[in-house]
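Peer 1: Would you be able to build a 3D model of this:
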Amino acid sequence: MNKIRAVLGMGFAAVLANSAVNAQTVTEESIESRFQLDFHVPDAALQKFIPAGWDVTIATSGAAKDCNVRVIFIDRVSVNGPDGKVIGAGANQIVYLTVPVKKTASGAAAQMVIAGLSADAKDVPGPFGVYMQATDHKMNRATAAGKGAGIVEEQTWQFSAAGGEHVETFVKYERVPAQRNKRDTTYVSAADPKIVQVARIDNSINIARNATIDVTDRVKEFRYKIGGGRLAALFDGTEKVLSVDIFPWSNLAITPQ
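Peer 2: Predicted coordinates:
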């Protein structure tokens, strides 16, 4: 019995030690609201953003079917260190583009950040070395609810950079109770694939419109305009919108690798 207790005690101590190590490796925590558009863009143009040793991976079924680029609009409501103290300005609005990839040699999957625009100049070039300064930006989010009526939300996002890059969208949709998801996602930089972050994500998702899976189309109005500069070849008018996804809330804990 004493041996069993000793083993259990050692196991418990190891769990505590591992938890302490994991807690120490978290460098940033954030509370965010996100709006995501899934696209299929020209494959040849996209390949120019992908460094050697990595391959684009495209889902053949499910909600992400055919998606090779995600455009993710992020309202970073609160950004804090693991000690709870504010990091930098403590808030920001950004938009970045990610690509589902895998490492050619190992097959390890990740989301590769290939470009982005940030409202905060101090967040440029950002953790992945690819953010541009938004010389102009705008974000409006509004929610309306009333007796006997559903909850309707509107979001307007506009970013533009000195090189001509611009990312704009407007969406009006019905918000419904959202599914909660917990997962770890690995992000890697297209500028330097040695830069890797793991995000422990706890969020909710409303798939408001999707080209593949059977979901109620809750989008009442939608438009977008993306292009210019480095983005022109990706968004040349032949791209296709595959999904409109709303993340009313997202909690992230970031661990560099």
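Peer 1: didn't residue 238 look like it was pressed against residue 40?
Peer 2: No - Residue 238 is beyond contact range of residue 40, at 9.2 Å (criterion: CB atoms under 8 Å). Placement of C-beta: from N, CA and C, glycine included.
Peer 1: pLDDT below threshold where in the stretch 1-150 of the chain?
Peer 2: Applying pLDDT under 70 to the stretch 1-150 of the chain flags the ranges 1-24.
Peer 1: what are the ranges of the helices in the stretch 1-150 of the chain?
Peer 2: Under the criterion DSSP state H, counting those that start in this stretch, helices of the stretch 1-150 of the chain are mapped to 2-25, 43-47.
Peer 1: How far does the last one sit from its chain's centre?
Peer 2: On the basis of CA atoms, centre = their mean, to the nearest Å, helix 43-47 sits 21 Å off its chain's mean C-alpha point.
Peer 1: What separation do you get for the residue nearest to the spatial centre of the chain and residue 84?
Peer 2: By CA atoms, centre = their mean, the mean C-alpha position of the chain lies nearest to residue 72, the distance being 5.2 Å. Remark: distance between residue 72 and residue 84 (CB to CB, to the nearest Å) = 26 Å.
Peer 1: With residue 187 instead?
Peer 2: Residue 187 is 24 Å from residue 84, where distance means CB to CB.
Peer 1: Compare the two and say which is more crowded by neighbours.
Peer 2: residue 187 (19 against 7; other CB atoms under 10 Å).
Peer 1: okay but the more buried one is in contact with residue 199, surely?
Peer 2: Yes - Residue 187 is within contact range of residue 199, at 6.4 Å (criterion: CB under 8 Å).
Peer 1: what's the neighbour count on residue 115?
Peer 2: 25.
Peer 1: Please renumber the chain so that the first residue is 50 from this point on.
Peer 2: Right, with 50 as the first residue, what we last looked at is residue 164.
Peer 1: Strands of the chain, residue ranges please.
Peer 2: Remark: strands assigned in the chain by DSSP state E are 77-89, 103-105, 118-129, 141-152, 158-167, 180-193, 200-210, 215-224, 228-238, 245-259, 268-276, 289-305.
Peer 1: Once you drop chain neighbours, what's closest to residue 112?
Peer 2: Distances taken as CB to CB, 6 or more residues apart in numbering put residue 262 closest to residue 112, at 5.1 Å, once the chain neighbours are dropped.
Peer 1: so who does the one you found touch?
Peer 2: The contact partners of residue 262, by CB atoms under 8 Å, 6 or more residues apart in numbering, come to 111-112, 256.
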